[in-house]
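S.K.: Compute the structure for the input listed below.
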Amino acid sequence: MRFINPKTDFAFKKIFGSSESKDILISFLNALVYNSEPMIQDLEIFDPYLAPKITGLKDTYLDVKAQLNTGEIVIIEMQVLNVEAFTKRVLYNAAKTYSLQLDAGQGYRFLKPVIALTITDFIEFENTDALISRFVFKEKNHNFNYSENELELVFVELPKFQKSLEELETLTDKWIYFMQSARLLETVPDTLDRVPQIQRAFEIANQTNLTREELDEVEKVELFLQDQRNAISFAENQARQEGQTEGRTEKAIEIARQLLNILDDETISRTTGLSLAEIQNLRS
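M.R.: Down below sits the predicted model:
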């Protein structure tokens with residue numbers, strides 16, 4: 001068997017956001033948001049497109065959006081490449097989802113909490129080894145919660161997960177292993193097959209169950225991602241090779257310009273050796 005890569009947007013939406021995915025998504029969210037506890041009993045999957053209600057407000061797209069039986073709204077995004085201002089985009093989508101709940105004349109009491117779950121295929125937070133990081137509004141000096149945690153940001157950084165198949169213990173471990181390794185497997189391991197929802201995820205991800213059009217879409221996405229990775233790798237190699245030459249600054253600027261639409265300022269700065277101020281000047 002061959003499985004599509006669940007980290008691509010097409011595959012992620014098909015596995016977790018389709019009409020047949022409710023039980024899969026419940027298990028996945030319980031594992032990643034609620035530390036493998038069965039807190040979610042039911043949910044409803046929505047169209048993830050966030051259409052603006054106000055003229056001029058930016059359109060945004062998510063991978064999956066659902067409302068839990070407890071009332072919370074969960075928005076989920078799988079991000080393979082680290083792009084400029086990514087963390088700001090996550091916060092923007094969460095705030096927009098929260099604010100767009102109300103129609104004209106509705107009271108603020110009808111607002112439901114929003115959880116933004118973001119899975120990254122890169123390390124976002126270099127200052128911690130934690131696989132899962134959670135952010136909520138708290139008082140800065142005394143660390144108490146603002147209201148009832150109306151907005152919560154949950155990040156899962158896949159590269160920080162280093163467990164082998166034999167070391168998997170919790171439901172969280174098994175789902176993250178699925179995300180990391182599904183496309184490299186030829187059979188479903190017994191450890192994962194014993195979880196019915198993960199077994200169903202493998203069935204959806206099995207390439208033999210896809211149409212010709214879906215397989216073409218999978219191939220296009222994989223090629224695009226590989227092209228982007230190659231561009232980043234080429235730029236990094238060029239920066240290293242030119243690092244000790246007299247034309248370092250000019251070459252670094254040229255490389256930085258190529259990366260402006262791919263990476264954030266800090267990553268470009270580390271890659272090229274230019275300062276953040278120089279990168280920001282290039283953007284302006």
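
S.K.: now stretch 105-118, how far from the chain's geometric center?
M.R.: Centroid displacement of stretch 105-118 relative to its chain, using Cα atoms, centre = their mean, to the nearest Å, is 21 Å.

S.K.: my bad, stretch 21-40
M.R.: The answer for stretch 21-40 is 16 Å, by Cα atoms, centre = their mean.

S.K.: same check, this time on stretch 198-217
M.R.: 20 Å.

S.K.: so where's the stretch 151-284 of the chain uncertain?
M.R.: The stretch 151-284 of the chain contains residues with pLDDT under 70 at 235-236, 238-248.

S.K.: Do a quick rundown of the strands in it.
M.R.: Along the stretch 151-284 of the chain, the stretches classed as strands by DSSP state E, counting those that start in this stretch are 151-157.

S.K.: Contact partners for Glu37?
M.R.: Counting by Cβ atoms under 8 Å, 6 or more residues apart in numbering, Glu37 touches Asn30. Placement of C-beta: from N, CA and C, glycine included.

S.K.: same question but for Gln79, I mixed them up
M.R.: 86, 118-122.

S.K.: Let me know the pLDDT of it.
M.R.: For Gln79, the model assigns a pLDDT of 91.

S.K.: Any figure for the gap between it and Asp121?
M.R.: Distance, Gln79 to Asp121, by Cβ to Cβ, to the nearest Å: 7 Å.

S.K.: hang on, the earlier thing: whichever of the contacts of Gln79 end up buried, select them in PyMOL.
M.R.: Entered in PyMOL, the line below selects the buried ones among those, by 16 or more other Cβ atoms under 10 Å:
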select buried, resi 86+118+119+120+121
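
S.K.: Let's see which of the contacts of Gln79 end up in helices.
M.R.: Mapping the contacts of Gln79 onto helices (DSSP state H) picks out Phe86.

S.K.: And the contacts of Gln79, which is the shakiest by pLDDT?
M.R.: For the contacts of Gln79, the least confident entry is Phe86, with 87.

S.K.: Spit out the contact partners of that one.
M.R.: Contacts of Phe86 (Cβ under 8 Å, 6+ apart): 79, 124, 264.

S.K.: Out of the contacts of Gln79, flag the one nearest to Asp173.
M.R.: Ranked by distance to Asp173 (Cβ to Cβ), these are led by Ile119 at 14.6 Å.

S.K.: I'd guessed the closest one sits against Leu158; true?
M.R.: Yes: with contact defined as Cβ atoms under 8 Å, Ile119 reaches Leu158; the gap is 6.5 Å.

S.K.: what is in contact with the two at once?
M.R.: By Cβ under 8 Å, 6+ apart, the residues touching both Ile119 and Leu158 are 7, 179.

S.K.: that older thread, and the contacts of Phe86, which of them are in helices?
M.R.: Counting by DSSP H, the contacts of Phe86 contribute nothing to helices.

S.K.: Dump the contacts of Gln79 into TSV; add distance to Leu165 as well.
M.R.: Listed next are those as TSV, based on distance: Cβ to Cβ, whole Å:
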residue	distance to Leu165
Phe86	30
Thr118	25
Ile119	20
Thr120	22
Asp121	19
Phe122	23
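
S.K.: What is the nearest of the contacts of Gln79 to Glu222?
M.R.: Asp121 (13.1 Å).
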